[in-house]
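[1] Here's my sequence, what's the structure:
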Amino acid sequence: MALQATFSLTPEQIERFRSDGFLQLESITSADEIERLAEIYDELFDGRRTVAAGDRLELAGDAEKPVLPQIVNPERYAPELLETVAHANATAIALQLLGDASTSAGMHAIRKPPHHGAATPWHQDEAYWDPAREHNAISIWMPLQPATLENGCMQFVRGSQHDEVRPHRLISEDAHGLVVDGDIDEELVVACPIPAGGATIHNGRTLHYAGPNATDGPRRALIMAFQTPTSERAEPRDFYWQRPEWYEST
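    Numbers count the residues shown, from 1 in each chain. Sure, this is the predicted structure:
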């Protein structure tokens, strides 16, 4: 049963998101719900719930030594993730930012292991998507413990959503994750430490990064994505980094 939203953005927050390409929120759910979500989350990553092999990915290392493990579509294996105040609030936020055509684009979860959890490199989400389509999407990133600079809170390049998708490449030969080519304007970087149950929201084109986890505990993040229907572009783009044969020829 879907729960009712308890949170909405102010006009000032909406304007800030449009301008900066990201937004930082202190809370979109309760401490009790975060505690319950953390239990479900660990059951998924620890193998106490069955997750299809194709929905377990390693973004930066390899299966033998995971440093940036991800589960895509965790709601398939834990449907109660959809029956939370956090998801109700995320859905309400998406309606405010994307309009009535907003729909869920699924969830994913990234758990950075203590001490050796790798950085999530600078990238734009749209670099993973169909280059022949126009996209309008957001991701709502919620930590299940405080997100700090020490354990890998989100960082953004202010205003980068106004730019085109930049060239990317695979993090490594065996990884699934992408990293943007070229330099980042450090003067525009904003780090966003937030409490457990807070959230950051970013546009699909906003350059973002999360540092390594140097703490004693895992850094848990649950990401809820939303989008409007895509449309065909007048001029398709060449996202050559999506083609495995491109790497074989370089």
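
[2] which phi and psi does the residue nearest the centre of the chain have?
    Geometric centre of the chain, nearest residue: I223, 4.9 Å, by Cα atoms, centre = their mean. Dihedral pair for I223: phi -110, psi 130, per degrees, to the nearest 10.

[3] Looks like it contacts A137 (just checking).
    No - I223 is beyond contact range of A137, at 11.7 Å (criterion: Cβ atoms under 8 Å). Every C-beta, even on glycine, is put in place using the N, C-alpha and C of the backbone.

[4] hang on, isn't T200 packed against I194?
    Yes - contact criterion Cβ under 8 Å: T200 and I194 qualify, at 6.7 Å.

[5] Comparing those two, which shows the higher neighbour count?
    Counted by other Cβ atoms under 10 Å, T200 and I194 do not tie: T200 has more neighbours, with 27 against 20.

[6] Can you give me every residue that contacts the more buried one?
    Counting by Cβ atoms under 8 Å, 6 or more residues apart in numbering, T200 makes contact with F22, L23, Q24, L25, I140, W141, M154, F156, C192, I194.

[7] rerun at 7 Å
    The contact partners of T200, by Cβ atoms under 7 Å, 6 or more residues apart in numbering, come to F22, L23, Q24, W141, M154, C192, I194.

[8] which among these end up buried?
    F22, L23, Q24, W141, M154, C192, I194 (16 or more other Cβ atoms under 10 Å).

[9] now those residues as CSV including pLDDT?
    As requested, the buried ones among the contacts of T200 are exported to CSV (pLDDT from 0 to 100):
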residue, pLDDT
F22, 98
L23, 98
Q24, 98
W141, 98
M154, 98
C192, 98
I194, 98
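
[10] and of those residues, the nearest to T120?
    M154 (8.7 Å; Cβ to Cβ).

[11] and stretch 14-28, how far from the chain's centre?
    Remark: stretch 14-28 is offset 15 Å from the chain centroid, using Cα atoms, centre = their mean, to the nearest Å.

[12] Pull the residues that contact it.
    7, 13, 86, 89-90, 96-97, 142, 156, 158-161, 192, 194-195, 197-203, 206.

[13] do you know how far D42 is from A78?
    11 Å (Cβ to Cβ, to the nearest Å).

[14] could you pull out the helices for the protein?
    11-20, 31-45, 85-98, 244-248 (DSSP state H).

[15] now for those, which one comes closest to Q124?
    Nearest to Q124, of the helices of the chain and by Cβ to Cβ, is helix 11-20 at 14.8 Å.

[16] re the thing from before, tabulate the contacts of T200 in CSV, adding columns for distance to P244.
    Below are the contacts of T200 laid out as CSV (distance: Cβ to Cβ, whole Å):
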residue, distance to P244
F22, 31
L23, 35
Q24, 37
W141, 28
M154, 29
C192, 34
I194, 36
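
[17] any idea which of those is closest to A118?
    M154 (15.0 Å).

[18] So what touches the least confident helix or strand in the chain by mean pLDDT?
    Least confident helix or strand of the chain, by mean pLDDT, DSSP states H and E, is helix 244-248 with a mean of 76. Helix 244-248 is contacted from outside by L170, Y240, using Cβ under 7 Å, 6+ apart.

[19] How about stretch 121-139?
    94, 97-98, 105, 165-166, 168, 171, 177-180, 184, 201-207, 209, 223, 225-228, 230-233, 236-239.

[20] That stretch: how far from the chain's middle?
    11 Å.

[21] just to revisit the earlier point, when D42 and A78 are compared, which one has more neighbours?
    A78 (19 against 15).

[22] Identify the residues contacting the more buried one.
    I40, L44, R49.

[23] what's the closest non-adjacent residue to L82?
    E75 (5.4 Å; Cβ to Cβ, 6 or more residues apart in numbering).

[24] so that neighbour makes contact with E83?
    No - E75 is beyond contact range of E83, at 9.8 Å (criterion: Cβ atoms under 7 Å).
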